[in-house]
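In: need a structure here:
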Amino acid sequence: MGFRSGVVVVAGSLAVAALAGCPHEEDLIIDAAGTCTPDDDGNPCTLDECVDDVQSHTPRTGETCPGGVCTATAMCMSSTCGNGVTEGEEECDDANEEPIDGCIGCRFEPTEIEPNQDATVDEGGTGIDGNDFDATAVARADANAAALRFDVALGDLSVRGGLMPFGDEDVYQLKNSTTVAQTVKIETWHGIIGWNASCGITIDIGLNIRDASGTVLASNDDRDAASDRCSSLTYTLPAGAVVYVHITEAGDNALVQSYGLTVLPP
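Out: Presented below is the predicted three-dimensional model:
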């Protein structure tokens, strides 16, 4: 770049100086430092500020806002989940906190995603062990995990499923993405009648908690062998843990049209 002359004021007098590399090619005034005044965007869930002299509206995640709490997407989410009104980032609000009714924790309740076992549906498992848990079942459960959102960090969890055809088994990834251990009660229910409904003695569902290698970490056959043959157990997931909930029909030789699986506080 060549030199050009400009007029500058020095101690009250005029002086001519050679200015090299001025910010603008065609003016004779050295630019002043930039200024920025934050504009109010009217959103209580953003911090209106200037970052490097540029307007910025940063989400105020976790801060309170009128009627709720600010989310990471700068939305004011109602803190009144269960009031029967879908607000903020709620997907649904059915005025209760019961699972297995299509809406839980103001999120749509998912249904199982098939396939979610090994490559072949086979009858003949022993007891509640089943015979369809392997690396393929784990890979499928992992692939379905994002859609099912089965992470205890989200609060109460539930999903609907069924064991059909004969020999069908279901595997779900269960994650604890929090930084502390979480103790939960994992249960199955009569899917047609709903949550808290006994399976009686006509539906018999087995529940296994396994690691990725297939090792059984916990299991239960009947909540009450005489009157309720759905399954139930309490389990503590370490911080960051991933386990697999393996659902079977006891004997692996009968159909279960619909069951509900819940993961709730003990």
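
In: Going by C-alpha atoms from here, please, whenever you check contacts or count neighbours.
Out: Fine.

In: Relative to Ile247, how far out is the most centrally placed residue in the chain?
Out: Most central in the chain under Cα atoms, centre = their mean is Arg149, positioned 4.5 Å from the mean C-alpha point. Taking Cα to Cα, to the nearest Å as the measure, Arg149 falls 18 Å from Ile247.

In: and what of Thr35?
Out: Thr35 is 63 Å from Ile247, by Cα to Cα.

In: quick one: which of these two has more around it?
Out: More neighbours surround Ile247 than the other of Thr35 and Ile247, with 28 against 9 (other Cα atoms under 10 Å).

In: For the more buried one, give me phi and psi.
Out: Main-chain torsions, Ile247, degrees, to the nearest 10: phi -100, psi 130.

In: Pull the contacting residues for it.
Out: For Ile247, the contact set (Cα atoms under 8 Å, 6 or more residues apart in numbering) comprises 169-171, 205-208.

In: Can you report how many residues lie near the residue lying closest to Asn144 once chain neighbours are set aside?
Out: Excluding the flanking residues, the one nearest Asn144 by Cα to Cα, 6 or more residues apart in numbering is Ile113, at 6.7 Å. Neighbourhood size, Ile113 [other Cα under 10 Å]: 18.

In: Please apply the same query to Val159.
Out: 25.

In: now swap in His190 and tell me
Out: Look at His190: counted by other Cα under 10 Å, it has 26 neighbours.

In: how much space is there between it and Gly206?
Out: Going from His190 to Gly206 by Cα to Cα gives 13 Å.

In: Now for these two: what residues contact both?
Out: Cys230.

In: one step back: now intersect the contacts of Ile247 with the strands, please.
Out: 170-171, 205-208 (DSSP state E).

In: Wasn't Ala139 part of a helix?
Out: Yes: under DSSP: H, G, I helix; E, B strand; the rest coil, Ala139 sits within a helix.

In: low pLDDT regions in the chain?
Out: 1-34, 67, 73, 77-79 (pLDDT under 70).

In: Would you verify that Asn96 is located in a strand?
Out: No: applying three-state DSSP, one finds Asn96 to be coil, outside a strand.

In: the helices in this protein, which residues?
Out: Listed from the start of the chain, the chain has helices (DSSP state H) covering 135-148.

In: what about Phe166, how many neighbours?
Out: Residue crowding around Phe166 was assessed by other Cα under 10 Å; the count is 16.

In: Same check on Glu249?
Out: Glu249 is flanked by 30 other residues according to other Cα under 10 Å.

In: Same check on Leu237?
Out: Quick note: Leu237 (other Cα under 10 Å) scores 19 neighbours.

In: Beta-bridge partners for it, please?
Out: Taking DSSP bridges as the rule, Leu237 bridges to Gln182.

In: Next, the buried residues of stretch 94-110.
Out: For stretch 94-110, the neighbour count (16 or more other Cα atoms under 10 Å) marks 94-95, 98-110 as buried.

In: same check, this time on stretch 62-71
Out: For stretch 62-71, a neighbour-count test (16+ other Cα under 10 Å) marks 64-65, 68-71 as buried.

In: Using PDB, write out every CA atom in that stretch.
Out: What follows is stretch 62-71, C-alpha atoms only, in PDB (Å, rounded to 0.1, in the frame of the first residue of the first chain):
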ATOM      1  CA  GLY A  62     -32.100 -21.900  33.700                       C
ATOM      2  CA  GLU A  63     -33.100 -18.400  34.700                       C
ATOM      3  CA  THR A  64     -36.700 -17.700  35.700                       C
ATOM      4  CA  CYS A  65     -39.000 -15.900  33.400                       C
ATOM      5  CA  PRO A  66     -42.700 -14.900  33.700                       C
ATOM      6  CA  GLY A  67     -44.500 -18.200  34.400                       C
ATOM      7  CA  GLY A  68     -41.600 -20.500  33.900                       C
ATOM      8  CA  VAL A  69     -37.900 -21.100  33.300                       C
ATOM      9  CA  CYS A  70     -35.700 -20.100  30.400                       C
ATOM     10  CA  THR A  71     -34.500 -23.000  28.100                       C
END
